[in-house]
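[1] sequence plus predicted model, see below.
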Amino acid sequence: MDVLFGSMQRIGLRATWLIAGLLSAVVPALWMWGFTVDDALISVRYAQHLAAGLGWRFDVGGPSTDGVTPLPWPLLLAPLAKGTGLQVLLRAKVLGLLAWGATGAALGSAAGRVANAPAWARAGALLTLALSVPVAAHAVSGMETAVATSLATFAVLLARRPLVASVLAGLAASLRPEMAPWAFVLAVGVAFTRGKRSSAPAFGLLALLPFACCALVRTIVWGHPAPLAVMAKPSDLAHGLSYAGAASVVALTPILVLAPLAMRRAPLALAIVTAAIAHLCAVIVVGGDWMPYGRLLVPVAPSLVWASMLIAEHADRRATGARIALAVPLGLLLIARGGADGRSVGADRVALVEYAAPRLAGLRYIASLDVGWVGAATDADILDLAGVTDPRVAALPGGHTSKRIDATFLLDLQPDALLLFLPVGLPDGDLDAWPWATYQRVVEYRLAIDPVVQKHFAPAAWLPLGAKGAGYVLLRSRAVTD
């Protein structure tokens, strides 16, 4: 009887940890459900065209282009891509939530097996994860980040099987190319922890195989091994350093592994943290990212929670408590200071798409710096002024919001409409004052003040975005309106 009671107790305890992990993932993600990014709708449009048999292209009437950094992502979305862009985005968000929920449950279950780490330390690590707004936000953004995070976390949880861990790490890197160094270092490190030193290089190369396959496909199909976004969104080390530093703080979980001495006695934790450092260096080299919530660090953030639990088996309990006591209040402070304001982005985007759709009806070719929501509002072809989906623009000098696009370039391509974003609205709400409004992005500012653009385009509508006065000026070609 005592044996049966003890067995039931152990089962109940394991179930408790599993549920704790599930809740630490799902509850914050549901709280951040309203978050998304414009690029999510870019992937959706590619997936819709794949599902319709139109091939890998952003515009129905345009050429095949490499406009999605995670090459496999549109293929994963294609089975879900019947319907409107917003409907497909919703399915992508659900997919991300399911993947992240399963990952949280697995992480909680694993936490229950770390018997030598204090229960409060494991609970504190899961609480830190729950307070990480970047992880919660990108779990439901509709992007590939949630799936990449899931694959990366399962890779470390299954480290006892180096072959499986290497394959999972490689698949994560196929979705996020900057994770290739992380995948290689993790695979090699995991092999060392399992006593397979002679095979470690082979595991590392195996982890790089999916990344290499994506680069090969890009080279064969589009003529360049790197994603188009590398050319469209050039950055620099200075931005990469500031990005990596800020993201390491707001993600919270890196704080939990600031234990170099204790880490030396936890080989797997050392391998996980070393891989995370390699990833951080890769993020710095690529120059960071332009999306909110430190997206590029999110995939490796949960793996550091697992590493922290392994470290807690060997660390001084006061030091473990100090790290948790730093991470948890910091997470609460960041939320209190507006860290979760992105929850309204999705609703604002949906309202914009629904309001704009009838006003864009009948247009043939629309020029815009933000193309994701435009692609959800119209079936018209879109001239991407950032170059993310257009190699012609991507090749121009400048960053992704400062490409050197002048009136000649624009008019040669003959768009019949132009969209310009105004973060603070029109002066006195006067649509005719659009040339003198406050534009923050260089491309739009240059075009708005250009007399040739002013001569060829006339204001047609104001498309509001959110409740703070932001929105888009819709300009229509005078050649069309006349």
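    Structure's in. What do you need? Small disclaimer: the values here were computed from a predicted structure and weren't measured.
[2] determine the set of other helices and strands touching the helix or strand containing E354.
    In this structure, E354 sits in helix 345-360 according to DSSP states H and E. Here helix 345-360 is seen to pack against helix 85-111, helix 372-377, strand 457-464, strand 471-477 when contacts are counted using 3 or more C-beta pairs under 8 Å, 6 or more residues apart in numbering; DSSP states H and E. To be clear about C-beta, it is placed using only N, CA and C from the backbone, and glycine gets the same treatment.
[3] give me the mean pLDDT for that helix.
    What helix 345-360 shows for mean pLDDT is 96.
[4] helix or strand right after it?
    strand 365-368.
[5] other SSEs contacting that following strand?
    Secondary-structure packing of strand 365-368 (3+ C-beta pairs under 8 Å, 6+ apart): strand 381-384, strand 417-422.
[6] about what we covered before: quick one, which of the helices and strands packed on helix 345-360 gets closest to M231.
    With respect to M231, and counting by C-beta to C-beta, the nearest of the helices and strands packed on helix 345-360 is helix 372-377 at 18.7 Å.
[7] which residues touch that closest one?
    The list of residues contacting helix 372-377 from outside it, by C-beta atoms under 8 Å, 6 or more residues apart in numbering, reads 37-42, 44-45, 58, 84-86, 89, 349, 352-354, 356-357, 360, 366, 368, 382, 419.
[8] what about 7 Å?
    Residues lying outside helix 372-377 but in contact with it, judged by C-beta atoms under 7 Å, 6 or more residues apart in numbering, are 38-42, 45, 85-86, 349, 352-353, 356-357, 360, 366, 368, 382, 419.
[9] what does stretch 123-130 give?
    With C-beta under 7 Å, 6+ apart as the contact definition, stretch 123-130 has outside contacts at 20-21, 24, 27-28, 108, 111, 135, 252-253, 256, 302, 305, 308-309, 324, 327-328, 331.
[10] which non-adjacent residue is nearest A407?
    Take A407 and drop its neighbours on the chain: the residue closest to it by C-beta to C-beta, 6 or more residues apart in numbering is V452, 3.7 Å away.
[11] SS state for the one you found?
    The three-state label for V452, taken from DSSP: H, G, I helix; E, B strand; the rest coil, comes out as helix.
[12] just the helices from the stretch 51-200 of the chain, written as ranges.
    Chain-ordered helices for the stretch 51-200 of the chain, with DSSP state H, counting those that start in this stretch as the definition, fall at 73-77, 85-111, 119-130, 133-139, 145-157, 162-175, 180-193, 200-222.
[13] let me see the mean pLDDT of the last one.
    Along helix 200-222, the predicted confidence averages to a pLDDT of 96.
[14] in the helix or strand that comes right after that helix, what's buried?
    Note on helix 200-222: by DSSP H and E, the next helix or strand toward the C-terminus is helix 228-232. Of the residues in helix 228-232, those buried under the neighbour-count criterion (16 or more other C-beta atoms under 10 Å) are L228, A229, V230, M231, A232.
[15] relative to L54, which of the residues you listed is nearest.
    Within the buried residues of helix 228-232, distances to L54 taken as C-beta to C-beta reach their minimum at L228, with 18.5 Å.
[16] now the closest one: how far from D390?
    8 Å (C-beta to C-beta, to the nearest Å).
[17] what do those two both touch?
    When contacts are counted by C-beta under 7 Å, 6+ apart, the set common to L228 and D390 consists of T65.
[18] how about low-confidence regions in the stretch 1-150 of the chain?
    1-11 (pLDDT under 70).
[19] could you check how far L77 is from S43?
    Here the distance between L77 and S43 works out to 6 Å (C-beta to C-beta).
[20] now swap in Q414 and tell me
    In this view, Q414 and S43 are 27 Å apart by C-beta to C-beta.
[21] more neighbours: those two, which one.
    S43 (25 against 13; other C-beta atoms under 10 Å).
[22] contacting residues for the more buried one?
    Contacts were defined as C-beta under 7 Å, 6+ apart; by that measure S43 touches V68, W73, P74, L77.
[23] what is the nearest of those residues to G204?
    G204 lies nearest to W73 out of these, by C-beta to C-beta, at 24.4 Å.
[24] once you drop chain neighbours, what's closest to that closest one?
    Counting by C-beta to C-beta, 6+ apart, the nearest residue to W73 once its immediate chain neighbours are dropped is E144, at 4.2 Å.
[25] which ones are touching that neighbour?
    For E144, counting by C-beta under 7 Å, 6+ apart, the contacting residues are P70, W73, L175.
[26] what do you get for D348?
    D348 is in contact with L465, G466, counting by C-beta under 7 Å, 6+ apart.
[27] so L326 makes contact with I255?
    Yes - taking contact to mean C-beta atoms under 7 Å, the distance of 5.7 Å between L326 and I255 places them in contact.
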